[in-house]
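*Asks:* here is a sequence with its predicted model. Questions after.
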Amino acid sequence: MKSKSLKVFVKGLIVVGVAFAMAACDDVTKPDAIESAADGLVQEEDGEGGQVQKDQEKTGKNGKQGETDIGSSDSQNTGLGGSSSSEAPEQGGSSSDGAGVESSSSEAVEEGIFLANDTEEEKNFMEVSYTENVEPCVYDRDNNRNLCQILAYPKRLSDTKKHGVVVWGPGGGTDPKDYGGIIKRLASHGFVVVALRQSPGGGALVTEVLDWLDKKNKTQGDPLYGKLDMTKVGCSGHSMGGLESERAVIKDNRVITAFLNNSGAWDDPGANQVPTNKSIAILYGEGGMERGNAENDYNRSDVRAPACLIEMTGGTGTECYRISPWQEECGWGHGSGSWAGMAATISWMRWHLGGEDWRKDDFVGSSGKYINGPIIGAEGHWKGTCKNF
C-alpha cells in the first residue's frame, strides 16, 4: 500500500510539473493567427516573352488547344479551399514514416527530404490531398472561367523528414486542372506541389507562390507548418509554364532545378543564364512546334549549368516539325511531355531534389532509361543527351 501511495504521489507531481511547463511555453510562443492562403500573392506582371510559342498552346494528349490570351487579370474570390479531395494511390503503397497532417516542431528531423519508398516514376503511390480553386484566381474572359491555383501533397505528411517543393506552370491559356495527372503523380511521390493559375513567363509568379508557401511553413496551425524544406525547390511546367520555370531557376535562389516540358527559350535569357550550381532539363516531342526552341536553348555554346535535352521519338501522332525545307518529322507533339512523358519529370525531381543519385545513370551517359530506353506505357523511345555533369 505504501508503494502504491508513493507512485500516486510522484505521478501527481509529474502532472503538475508538465502543466506548469506547458503554461510557460504558451506565454512565450502563443500561436499566430492563421493567415489566408491567398496572402502574399499579387496579380502577376506581364511575361517577359522570349518564346516563339504564341497564339495557341496545344496542351492535351490528343491535341487539345487553349488560348494564350487570358483576358482580364481581375482577382476572383472563389474560396481558399475550393474543391478538395483525397486521391487514392493508383499502384503500390506509401512510405511507412508518414504521419498525420498536424506537425510538431519538437520532432527530430532527419537529413534529406521525404520520398515515397516506391521508386517507379510511372506509378502513383501515396494517397494525396488535392485542392483546386485556391485563391487568388484570375478571370479568363475568353473562356468565361476562373483560373486558380492547385495545392497537392501527401495526405500523410512525414514527422521525421521535410518535404521538397515542386511548382508547376500550366501552358498559356490552359486551366491548371488539365494537368491533374502530373500534379497528383508528383505529390504521390512525396512532394508538396503548387500549380500556378497561369504562366506569364517571367518567373515572378513562382517567387510569389514560394513566398506564400514559406509563410505557411512558418505559421503554427497550418497543415504545412514545419513540413517544407525550402532549400529543395524545383520548377516544372508545360510550354509557357516551362519558360516560367526556366526564368525562376535563373532568378530565385530557392529554386535549384527546372524541368521544361515542350518548351525552351529562343532568345535570352535561357539555359545559358542558369547558374552552374543549379540544373535544367528540356523535353520536347519530335513533331512538336517547340522543337526548334528546345534545341536552340540547349545547344547554346555558353550553357555552363548541368543540362539535359530529351526527345520523345517514335510517336504516331500527326503533329509535324519541319527540320529542313525538304524534310519534316511527325509523331510526339506539343502535348507529349506533361502526359505520356510525365515519368521523366518525376524521376528528375527525385534525383535533383530527393538526392537519389543513382538516377543520374538514367539521364547521363551513352545508354540509359532517358537516353535510349523505351517510353514505358507508350510508343517510341527516349533520345537524350546531357552536358556539364
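*Replies:* Received the coordinates, thanks. Predicted model only: the values in this text are computed from it and were never measured.

*Asks:* drop to CA atoms for contacts and neighbour counts, all remaining ones
*Replies:* Noted.

*Asks:* hang on, Leu186 in a helix?
*Replies:* Yes - Leu186: assigned to a helix according to DSSP: H, G, I helix; E, B strand; the rest coil.

*Asks:* quick one: the nearest residue to it once chain neighbours are set aside and Cys320, what's the gap?
*Replies:* Spatial nearest neighbour of Leu186, excluding adjacent residues (Cα to Cα, 6 or more residues apart in numbering): Ile346 at 6.1 Å. Ile346 sits 27 Å away from Cys320, taking Cα to Cα, to the nearest Å as the criterion.

*Asks:* of those two, which one has the most company?
*Replies:* Between Ile346 and Cys320, counted using other Cα atoms under 10 Å, the more crowded position is Ile346 (24 against 19).

*Asks:* the host helix or strand of the more buried one packs against which elements?
*Replies:* Following DSSP states H and E, the helix or strand that holds Ile346 is helix 342-352. Where contact means 3 or more Cα pairs under 8 Å, 6 or more residues apart in numbering; DSSP states H and E, helix 342-352 is packed against helix 180-188, strand 255-261.

*Asks:* just the CA coordinates for the host helix or strand of Val193, please, in CSV.
*Replies:* Using DSSP H and E, the element containing Val193 is strand 192-195. This file holds the C-alpha atoms of strand 192-195, laid out as CSV (Å, rounded to 0.1, in the frame of the first residue of the first chain):
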residue,chain,number,x,y,z
VAL,A,192,4.3,19.4,-52.0
VAL,A,193,3.1,20.7,-55.3
VAL,A,194,1.6,24.1,-56.2
ALA,A,195,0.2,24.6,-59.7
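
*Asks:* so how far is it from its chain's centroid?
*Replies:* Its chain's average C-alpha position is 5 Å from that of strand 192-195, according to Cα atoms, centre = their mean, to the nearest Å.

*Asks:* quick one: average confidence on that strand?
*Replies:* Here strand 192-195 scores 98 as its mean pLDDT.

*Asks:* next secondary structure after it?
*Replies:* Following strand 192-195 in sequence, per DSSP H and E, is helix 204-218.

*Asks:* buried sites along that next one?
*Replies:* 204-217 (16 or more other Cα atoms under 10 Å).

*Asks:* so what does the helix or strand following that helix touch, helix or strand wise?
*Replies:* Counting by DSSP H and E, the next helix or strand C-terminal to helix 204-218 is strand 228-238. Applying 3+ Cα pairs under 8 Å, 6+ apart, one finds that strand 228-238 makes contact with strand 163-169, helix 204-218, helix 240-251, strand 255-261.

*Asks:* and these as a markdown table, adding mean pLDDT?
*Replies:* What follows is the helices and strands packed on strand 228-238, written out as a markdown table (pLDDT from 0 to 100):
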| stretch | mean pLDDT |
| --- | --- |
| strand 163-169 | 98 |
| helix 204-218 | 98 |
| helix 240-251 | 98 |
| strand 255-261 | 98 |
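
*Asks:* closest one to Arg350 among the ones you listed?
*Replies:* When the helices and strands packed on strand 228-238 are compared by Cα to Cα, strand 163-169 sits nearest Arg350, at 9.3 Å.
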